[in-house]
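K.L.:
with the sequence up front, the predicted model follows.
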Amino acid sequence: MSFLYKKKGNKDCLSSYRPLSICSHGYKIYAKMILNRIQKKILDEISETQFGFRPKYSCSDAIVCLESIFHTHHTYKLNLLTALLDFRKAYDLVYKEYIWYNLNKIGIGKSLILILKDLNINIKCIINPEYGSDITIYPSRGIRQGCPISPLLYNFNLEMAMRNAFMNNNMVFKYGVNITGSKVPNLCFADDTCLLANSWNDLSLMVDKFIRACQPMGMELNLNKCKIQMSKELSIQYEKDKHIPLNLTDMQISKEEEYLGKMVSITEKRCFLKQVRNRA
């Protein structure tokens, strides 16, 4: 059973709504049993830059890490660029076959993969219009909405895209900002992804590689909804020549942006106070 949830935007526009799927308690109990069997092995494969839907991690951890990176680069006047990415219908466009292939590569048993396949096939959506007969749709892509296992599978799929885009043959990240001697290319909370770079060329290359890595998995970016922030030094240069790489021209430039429910900014101090006043 699904219900339509109103997001931001025009209430008369269909894209302003998203379906919320509700599964039966019996299904959730069974899915939770399967989740307990595969969770540890999959979480071991997911990098520490992913904070979503994993034990002892929360969105506040991701916010603190991002603001710490902002503060360090601002204090020492280091170049920093961030790209807050927006995925188009994150769960609904994933190619399931790619997930099963990667689960097999990391050693998940064939019997468990078959169970996961059974949970994600024969999914149908019945639309009850106000006038006329019911409309039945059989989605060919996407993982099951409302299933306890789906967030873990999505995070795993996103992790595989990050590896293909940013890791070298030694399984070490080769792009991103330098933190205690290691490259950190991104911070994520599920599909809320923030790419980190020190130059326009690096960010352009990272976005291009990430888009290419996402294509075989069925994930797509809404480039016109992605936001770029830059440090003060890069901002001054940008105001002079207004030059950015061609593949980033569809993205919006902003000084402050909401990330995981909190306003964040590289250059603006205490920008969250505006958000607090608006909510008061």
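P.N.:
All right, it came through fine.

K.L.:
all strands for the stretch 1-150 of the chain, in order.
P.N.:
2-6, 17-21, 81-85, 125-127, 135-137 (DSSP state E, counting those that start in this stretch).

K.L.:
okay, these, which one's buried deepest?
P.N.:
For the strands of the stretch 1-150 of the chain, the largest average neighbour count (mean count of other C-beta atoms under 10 Å) is found in strand 81-85, namely a mean of 24. To be clear about C-beta, it is placed using only N, CA and C from the backbone, and glycine gets the same treatment.

K.L.:
packing partners for it?
P.N.:
Judged by 3 or more C-beta pairs under 8 Å, 6 or more residues apart in numbering; DSSP states H and E, strand 81-85 is in contact with strand 192-197, helix 200-214, strand 227-230.

K.L.:
again, 6 Å this time
P.N.:
strand 192-197, strand 227-230 (3 or more C-beta pairs under 6 Å, 6 or more residues apart in numbering; DSSP states H and E).

K.L.:
wait, Met160 sits on Lys105?
P.N.:
No: using C-beta atoms under 6 Å, Met160 makes no contact with Lys105, being 9.0 Å away.

K.L.:
looking at those two, which is more packed in?
P.N.:
Met160 (23 against 10; other C-beta atoms under 10 Å).

K.L.:
of the helices and strands packed on strand 81-85, which is nearest Met206?
P.N.:
Met206 sits nearest to strand 192-197 of all the helices and strands packed on strand 81-85, at 5.4 Å, using C-beta to C-beta.

K.L.:
list of residues touching the closest one?
P.N.:
Contacting residues not belonging to strand 192-197 are listed as Leu81, Thr82, Ala83, Leu84, Leu85, Gly176, Val177, Asn186, Leu187, Leu203, Met206, Leu260 [C-beta atoms under 6 Å, 6 or more residues apart in numbering].

K.L.:
excluding chain neighbours, what is closest to the fifth one?
P.N.:
Which is Leu85. Leaving out its chain neighbours, the residue that sits closest to Leu85 by C-beta to C-beta, 6 or more residues apart in numbering is Thr193, at 4.4 Å.

K.L.:
give me the neighbour count for that neighbour.
P.N.:
Neighbours of Thr193 using other C-beta under 10 Å come to 23.

K.L.:
cool, and Phe173?
P.N.:
Phe173, neighbours per other C-beta under 10 Å, totals 18.

K.L.:
can you give me the helices for the stretch 151-280 of the chain?
P.N.:
With DSSP state H, counting those that start in this stretch as the criterion, the stretch 151-280 of the chain has helices at 200-214, 232-241, 272-279.

K.L.:
returning to what we had before: point out the most buried one among the helices and strands packed on strand 81-85.
P.N.:
Of the helices and strands packed on strand 81-85, the one with the most neighbours on average (mean count of other C-beta under 10 Å) is strand 192-197, at a mean of 23.
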